[in-house]
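Asker: Predicted model, plus sequence, below.
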Amino acid sequence: MNSFLLVVNAGSSSIKFALFHTNGTDPLVAGAAGQVEGIGTQPRFTVKGAAGQPLVDRALPAVDVSHHSGALAVIRTWLHEHHEDATLRAIGHRVLHGGRRFSEPVLVDAKVLAELEALVPLAPLHQPHNLAVIRAVREVSPELPQVACFDTAFHRTQPAIAQAFALPRRLAEEGVRRYGFHGLSYEYIASTLPALGPELAGGRVIVAHLGNGASLCALQGGRSVATTMSFTPLDGLIMGTRCGALDPGVLLYLMGRHALDAPALEKLLWHESGLLGVSGVSNDVRTLLASADPRAREAIDLFVYRVGRELGSLAAALGGLDAVVFTAGIGEGSAVIRTEICRQAAWLGLELDAAANERRGPRLSTPASRVSAWMVPTNENLMIARHTLERVAGPVSAPEQDRLPQARADS
Ligand code: ADP
């Protein structure tokens, strides 16, 4: 019997999904992917095939898709119509926060769901949407296995000192700690390191996940030892619309002098800052690079400068550096930004090979470079699919390793 897994990433007004077929000799073959966006406003349903070809693009009646449950129903109806000969075996969810307890993905039951609900105060902007979809699935298909895969879990290997704030202990006990995010992306990149070279798999590597959200992660032997995001995905690098690391005194000033309350601060720091706030032009690096406005250049310069400084900080946490890996929208797409960041990192012994960088690597540095540089496309969905299959069928091999026997994958 053909079967497939569904990977779901629920945001405030969208549900993104991706199919992975588990039949045949390969346990995880990427299939169609799509999304329902504009939930509650102007919903739209789009699906693309495995090769990126458009399959669906249509507006949906707003009354039918006023909440995540309506969006989920649209996706499931489409799945039934187009995959009627296949069984949906499990759903893997990207869940923002696993707190201190969840250091790996987990099969969701009522107890786990209650524990994840208790983490909502730590991630009020994201966690409720992730959990709304899990609950909606449990209502219509209580027997369907659902696996929660956390953005925080990969960082639980960090030493305690890397997870601490210098705040009174009672706040740490309440959960005010450095958690780190983008963990599924870092875990995927870590899984590709053995194919790049044993010196990377066992060495000191900084991964630069540079997308709309951006962070760096220090890997030692493929495990996270430090990262730039902390209590929330606001900390660390400058992002599309997020401010990154900020003197907490700025918040006190804004609260006192401008009487900003929590919702106003949230809007300013999450949605009006970063590349958009500094440039006044756009949050998109492509637009900024093409702009003649000097503020656009200033925003890019600040972005690169902050990445350069945080690279130095993580290299210090690692006690040296063997390699840098670029990934996500900007890291994969922009040779110019990679060049500028590598120039900032020249003091660490990183020497870029300009032609290799233009060709998008995977190796971007010269053979003589003491620190190597790489470009590796991330694949968070595949990471979620691997975890999900593992939870329902036992260990899943990475593509570069042995395949799962078919009987195991389809049992
Ligand atoms: P998200 O964090 O939303 O998953 P992505 O990883 O998809 O973001 O990255 C999106 C961002 O990547 C865009 O806003 C844009 O700034 C940047 N980007 C994408 N492609 C390119 C490119 N070819 N050159 C420069 N920047 C790019």
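Answerer: Okay, I see it.
Asker: Test my guess that residue 95 contacts residue 148.
Answerer: Yes: Residue 95 is in contact with residue 148 according to Cβ atoms under 8 Å; the separation is 4.4 Å. No exception for glycine: its C-beta is placed from N, CA and C like everyone else's.
Asker: quick one: common contacting residues for these two?
Answerer: The contact sets of residue 95 and residue 148 overlap at 116, 130, 134 (Cβ atoms under 8 Å, 6 or more residues apart in numbering).
Asker: Let me know the helix or strand that the closest residue to the ligand within the stretch 251-400 of the chain is in.
Answerer: Of all residues in the stretch 251-400 of the chain, the one sitting closest to the ligand is residue 329 (2.0 Å; Cβ to the nearest ligand atom). For residue 329, the host element (DSSP states H and E) is helix 328-333.
Asker: Which residues outside that helix are in contact with it?
Answerer: Counting by Cβ under 8 Å, 6+ apart, 185, 208-212, 214, 285-286, 326, 337-338, 360, 375, 377-378 sit against helix 328-333.
Asker: Among these, which ones lie close to the ligand?
Answerer: Under the cut-off given by Cβ under 6 Å from any ligand atom, the ligand has 211, 212, 285, 286 from the contacts of helix 328-333 close to it.
Asker: Quick check, pLDDT for the second one.
Answerer: Translated: residue 212. At residue 212, the model reports a pLDDT of 95.
Asker: Helix, strand, or coil at it?
Answerer: Assigned with DSSP: H, G, I helix; E, B strand; the rest coil, residue 212 falls in the coil class.
Asker: out of everything not next to it in sequence, what's closest to it?
Answerer: Distance criterion Cβ to Cβ, 6 or more residues apart in numbering; nearest residue to residue 212, sequence neighbours excluded, is residue 240 at 4.1 Å.
Asker: Next, the one you found: phi, psi?
Answerer: Torsion angles at residue 240 (phi, psi; degrees, to the nearest 10) stand at phi -50, psi -60.
Asker: ditto for the one 10 residues further on
Answerer: With angles defined as degrees, to the nearest 10, residue 250 shows backbone torsions of phi -60, psi -40.
Asker: what's the neighbour count on it?
Answerer: 12 (other Cβ atoms under 10 Å).
Asker: how close does it sit to residue 273?
Answerer: The spacing between residue 250 and residue 273, counted by Cβ to Cβ, to the nearest Å, is 11 Å.
Asker: one step back: higher neighbour count, residue 95 and residue 148?
Answerer: Remark: of residue 95 and residue 148, residue 95 carries more neighbours, 32 against 28, as counted by other Cβ under 10 Å.
Asker: State the phi and psi torsions of that one.
Answerer: Main-chain dihedrals, residue 95, degrees, to the nearest 10: phi -120, psi 130.
Asker: tell me the pLDDT at residue 27?
Answerer: In this prediction, residue 27 carries a pLDDT score of 81.
Asker: Quick check: it vs residue 389, distance?
Answerer: Taking Cβ to Cβ as the measure, residue 27 falls 6 Å from residue 389.
Asker: mean confidence score for the following helix or strand past the helix holding residue 329?
Answerer: Going down the chain from helix 328-333, the next helix or strand is helix 335-344, by DSSP H and E. Helix 335-344 carries an average pLDDT of 98.
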